[in-house]
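Colleague: With the input below, show me the fold.
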Amino acid sequence: MKSPVTRPGAIDWIGRSPMQQPTLETDRLILRPLRAGDAPRFLALAGEWDVARMTSDIPHPLTPSQAKAWLCSGSHDVRFAIEQAGVMTGSVGYFRRRSGTAELGFWLGRDYWGFGFGTEAARAVVRYGFEAGYEQFSSSHFADNPASARLLA
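Modeller: Model (predicted):
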């Protein structure tokens with residue numbers, strides 16, 4: 001995997017300055033800070049029932065205002081857009097729990113399931129979190145989501 005690189009952020013970048021959250025590169029993916037301009041793509045991908053139902057924080061049906069709010073991560077959230085071949089395919093990130101543990105979260109649009117993108121993105125983000133000083137990560141999945149179980153194993 002390539003080392004994290006920092007790239008200039010877009011004008012509509014959300015949450016933190018680009019220097020606080022870098023763009024990460026893997027062999028096949030770019031993990032970049034989320035932007036306000038991601039709202040339509042986020043709505044199209046995460047608004048599908050099969051995607052939203054496997055997350056803990058994406059409502060269904062998903063409205064444009066809810067999509068914009070989701071993209072505005074909290075002060076303890078680190079969220080990346082997952083891009084493959086220049087197209088946003090999902091998101092991955094973590095937030096700091098009260099205990100100090102980082103909790104990993106991820107989702108992919110339905111058309112991008114089964115290619116290993118989630119595993120590749122999660123590994124890069126967990127590595128980034130450890131480098132940022134976290135000592136532990138946790139995550140969970142729904143019992144009827146064997147793909148996420150495999151990713152977390």
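
Colleague: Which pLDDT value belongs to V87?
Modeller: If you check V87, the pLDDT there is 97.

Colleague: ok, what's across the strand from it?
Modeller: Bridge pairing for V87 (DSSP bridges) gives the partners Q84.

Colleague: quick one: it and F117, what's the gap?
Modeller: According to CB to CB, to the nearest Å, V87 and F117 sit 11 Å apart. From N, CA and C alone the C-beta is placed, and that goes for glycine too.

Colleague: Of these two, give the one with the bigger neighbour count.
Modeller: Comparing V87 with F117 by other CB atoms under 10 Å, the one with more neighbours is F117, at 23 against 11.

Colleague: quick one: that one and F130, what's the gap?
Modeller: As for F117, its distance to F130 is 21 Å (criterion: CB to CB).

Colleague: Kindly report the same for E120.
Modeller: 16 Å.

Colleague: Quick one: list the elements packing against the helix or strand containing S91.
Modeller: Secondary structure from DSSP states H and E places S91 in strand 87-96. Judged by 3 or more CB pairs under 8 Å, 6 or more residues apart in numbering; DSSP states H and E, the packing partners of strand 87-96 are helix 39-46, strand 77-84, strand 102-108, helix 117-131.
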